[in-house]
Every structure is written in C-alpha cells, then in structure tokens.
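Visitor: Fold the following, please.
(2 chains)
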Amino acid sequence: MKNLEVTEFWRYICEDLGYRFFSGTACGGLKSLYDNMDPMIMHYVPAVNERVALGISTGVAISGDKCGVLMHVKNVKDVLNLLKFNRSYKLPILFIVYEDEDSRLNSINNMLIDSFYLNFDTLRKDLTKLEKNTILKGKPGMIVIDKGVL
Amino acid sequence: MKRFTAVRGFLDALKEEDIAIFSSNETNKEAFQYDRDGNFYVFEEGLAPSLALGMAMATKKRVFMFCDDSELLREFGVTAQMSVSKCNNIIFVVFNRGYHEESGSPTIFKELYSPKGVLFNLGIVTHDLTHYFKTKKMLRELKNVVRGLKGPLCIMLNVDKGLKKGLNDVDILEEDLKNRMTGFMIS
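Guide: The predicted structure is shown next:
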C-alpha cells in the first residue's frame, strides 16, 4: 500500500482542521514532517525541551488559536503532569508523536487515559478516521505516527 | 522588602494593557489581592515561563512573567528560548528570595557567581530594580522605568524570605480565567 503523502497530512491538519501553530523537539522519526512544513499555512517553533514546547503551544492556545506539539513518544511522560493545566483550563493541544519498535505508546497507555483523559489514535492510511476518533473532542488529543507510515 | 510589596509596586507600575502571569501558589495569592483583567495565575510549577513566552508570541501586548528564582533555575532552558525568540514583548520579573517557596529550602541562585552574567551569555539583559522600592519617590519613578521596558529582558528584585500571611485564595474558576485572558489578549 502506498504511504501517506506528508504534504497531504499537513494540509489536512492545518487547513481542514485549523491547527496553525506548532512547537516541538527534534525527532528523527518525524524528519519528513519537519522537512515538509509549509510556512504559508503553519508556524513552527523548535523548543529546547518537551515541557517548553507544550508551554509555548499552550500560551498561544490561550489566544484562541489551535496548537500542536511534535515529539518522540518516549518523551510524552515528561509533559504528563503539565496536561492537568490543559485539562482544567480547557486548552486542547494536539500531540503528534512518533513511535518505533523500541518505544511503544502501549506501555503508558492506561496512565494516559486514566489520569489525563488524553485521547490518542494511531495514524493509518485514512486521515478522516482521525477526525472522528481523536482531535475534535475539545480535549488534548494525540496522533501516534507509526514508523514508515509517512 | 517583602515579595508582597514588590508585587504590589510592580503591578501598580504596569500599563493597563500589559499582561501579568504569576506562578506558584503564594505569588498567585499576593497578586490576586490586586486582581486585574490582565492577570493570569498558573499553579503548575514549571509551566508559567514557557506559557508566558507562548502568550508573548501570540500578542503584541507586553507580557510580564513573575516567578521566584527557584522556578527560573528549574526552567532555565526557557531563557535561551526567550532569547532566540526575539520577542520584544516578553519580560521576566524574578523575585530573588534564595529559598524555595513550598519547602523553604535554600536555592543555589545566590551562590551563582553572576546570575546576570549567566543570563547575559544566553542573550538576556538583566536589570536589578530593587532600589526603586526604597522610597515613595523612587517608587513613582519606577512607573516611568517600567513603562519604557522592552524585552526580551529579565528584571531582578531582591526580596526577603518571609511571605505575607492570611491572604485570600485565588477565587476565580479556571475556565473563567482563561476566557478573561483570551478576551484581554485579543482586545
């Protein structure tokens, strides 16, 4: 099966869903996403660490914009305690995370759902399924990108 | 000088359209006694500095972030981020107490050879405005100084270890606070 085009993914996230501001940290698995960011439809701020990335995105989200953060799945645990703020202030942030064989989300699955109500979904080939499952529920949501999907 | 006095004096010196972000439980209480639409209170430790920077990126209004030295040390990476952001509307106001607020244990901030030098090497200019709180006349002058400030900048204020007791809790719902700030940012 043909892989998803990265430009198609960004168009969907930025133009169809309205997420325009992103922050994040370096992740080799998300290289194709970084390489294909279109400054005409989005703004990306590279952050020094994941906590700062989430803080910056949350700050921008207070102004009413939809925001996202990009990171490797193994670093999600570093920001979990900060998500309490996003939940209580109703500031949903879209997480775009990469997972590989070495670091699967499954190990922290239950903690995410039980403690932080973080919806997540794995990106397959059909983008529209994400809309139903993950993003538009007014809570922090997460798109997990498997190795080789994009 | 107690931190409460510094918070009150600095809030009085801000312009009406300035945004003020406060971090930690006790600082929030102190600022809430002089609540205004541009005030925003963050209770999650370690979030306020980067949150303030994100807000500065999203508005043209000046954003003042008030925190203790202990929080600045914990989130030191934010100062580098602030420097490269080139946001000229973000200003950190750091209360140099030398002690952690919750535990009362000492921080290493006062032991640093030159906190100003460390920040300068990251690209942040630091001003110590403590002397403006010594007399009423100086306090009036502080207004003129604060109104002319441009970021990215760090303001250092040396305050006592003691905290004001018996202050009321921040009595505003989180969602109401967010909506108030959203309205203030876009107004």
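
Visitor: which residues sit in contact with residue 66?
Guide: Defaulting to chain A. Going by CB atoms under 8 Å, 6 or more residues apart in numbering or on different chains, A:Lys66 touches A:Leu17, A:Gly18, A:Tyr19, A:Arg20, A:Phe21, A:Pro92, A:Leu94. C-beta coordinates here come from the backbone N, C-alpha and C atoms, glycine included.

Visitor: nope, chain B please
Guide: When contacts are counted by CB under 8 Å, 6+ apart, B:Phe66 is found next to B:Val7, B:Phe10, B:Ala20, B:Ile21, B:Phe22, B:Ser23, B:Thr27, B:Ala31, B:Val93, B:Phe95.

Visitor: same question, B:Lys178
Guide: Neighbours of B:Lys178 in contact, by CB under 8 Å, 6+ apart: A:Ile62, A:Tyr89, A:Lys90, A:Leu91.

Visitor: Okay, now the unreliable bits of chain A?
Guide: Judged against pLDDT under 70, the low-scoring parts of chain A cover residues A:1-3, A:102-140.

Visitor: just the strands in it please.
Guide: Ranges of strands within chain A are A:19-24, A:43-46, A:66-72, A:93-99, A:119-123, A:141-146, based on DSSP state E.

Visitor: Show me what from chain A comes close to chain B.
Guide: Remark: the part of chain A in contact with chain B comprises A:21, A:23, A:45, A:47-49, A:51-65, A:81-82, A:84-85, A:88-91, using CB under 8 Å from any CB of the partner chain.

Visitor: and those, which are buried?
Guide: Under a neighbour-count criterion of 16 or more other CB atoms under 10 Å in any protein chain shown, the subset of the residues of chain A next to chain B counted as buried comprises A:21, A:23, A:45, A:47-49, A:51-63, A:82, A:85, A:89, A:91.

Visitor: what would the strands of chain A look like in a markdown table with distance to B:Lys15?
Guide: Supplementary listing: those in a markdown table, determined by distance: least, CB to CB, whole Å:
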| stretch | distance to B:Lys15 |
| --- | --- |
| strand A:19-24 | 26 |
| strand A:43-46 | 26 |
| strand A:66-72 | 27 |
| strand A:93-99 | 30 |
| strand A:119-123 | 41 |
| strand A:141-146 | 37 |
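
Visitor: Out of those strands, which is closest to B:Glu175?
Guide: Comparing those by their distance to B:Glu175 (CB to CB), the top pick is strand A:93-99, with 16.0 Å.

Visitor: List the strands paired with the closest one, with their directions.
Guide: Each strand paired with strand A:93-99, and its direction, by DSSP bridges: strand A:66-72 (parallel), strand A:141-146 (parallel).

Visitor: ok, and which of the ones you listed has the densest surroundings?
Guide: Neighbour counts averaged per stretch over these are highest for strand A:66-72, at a mean of 24; criterion: mean count of other CB atoms under 10 Å in any protein chain shown.

Visitor: gap between that strand and the chain center?
Guide: From the chain centre to the centre of strand A:66-72 is a distance of 4 Å (CA atoms, centre = their mean, to the nearest Å).

Visitor: What strand or helix carries the residue in chain B that chain A sits nearest to?
Guide: In chain B, the residue found nearest to chain A is B:Gly54; the distance is 2.1 Å by CB to the nearest CB. Secondary structure assignment for B:Gly54, by DSSP states H and E: helix B:48-58.

Visitor: how big is the angle separating the following helix or strand past that helix from helix B:48-58?
Guide: Past helix B:48-58, heading to the C-terminal end, the next element that is a helix or strand (DSSP H and E) is strand B:63-68. Here strand B:63-68 runs at 180 degrees with respect to helix B:48-58, directions being taken by axes from the mean of the first three to the mean of the last three CA atoms, to 10 degrees.

Visitor: Return the mean pLDDT over strand B:63-68, rounded to an integer.
Guide: This predicted structure assigns strand B:63-68 an average pLDDT of 95.

Visitor: CA atoms only for it, dumped as CSV, please.
Guide: Taking C-alpha atoms only, strand B:63-68 is exported to CSV below (Å, rounded to 0.1, in the frame of the first residue of the first chain):
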residue,chain,number,x,y,z
VAL,B,63,3.8,40.0,28.8
PHE,B,64,5.4,40.1,32.3
MET,B,65,6.1,36.8,33.9
PHE,B,66,6.6,36.9,37.7
CYS,B,67,8.3,34.0,39.4
ASP,B,68,10.8,33.1,42.1
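
Visitor: picking up where we left off before, give me the subset of the buried ones among the residues of chain A next to chain B lying in helices.
Guide: Filtering those for membership in helices, criterion DSSP state H, returns A:51-62, A:85.

Visitor: and those as JSON lines, adding distance to B:Ile124?
Guide: Rendered in JSON lines, the data for those read as follows (distance: CB to CB, whole Å):
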{"residue": "A:Arg51", "distance to B:Ile124": "19"}
{"residue": "A:Val52", "distance to B:Ile124": "15"}
{"residue": "A:Ala53", "distance to B:Ile124": "20"}
{"residue": "A:Leu54", "distance to B:Ile124": "22"}
{"residue": "A:Gly55", "distance to B:Ile124": "17"}
{"residue": "A:Ile56", "distance to B:Ile124": "17"}
{"residue": "A:Ser57", "distance to B:Ile124": "22"}
{"residue": "A:Thr58", "distance to B:Ile124": "22"}
{"residue": "A:Gly59", "distance to B:Ile124": "18"}
{"residue": "A:Val60", "distance to B:Ile124": "21"}
{"residue": "A:Ala61", "distance to B:Ile124": "25"}
{"residue": "A:Ile62", "distance to B:Ile124": "23"}
{"residue": "A:Phe85", "distance to B:Ile124": "25"}
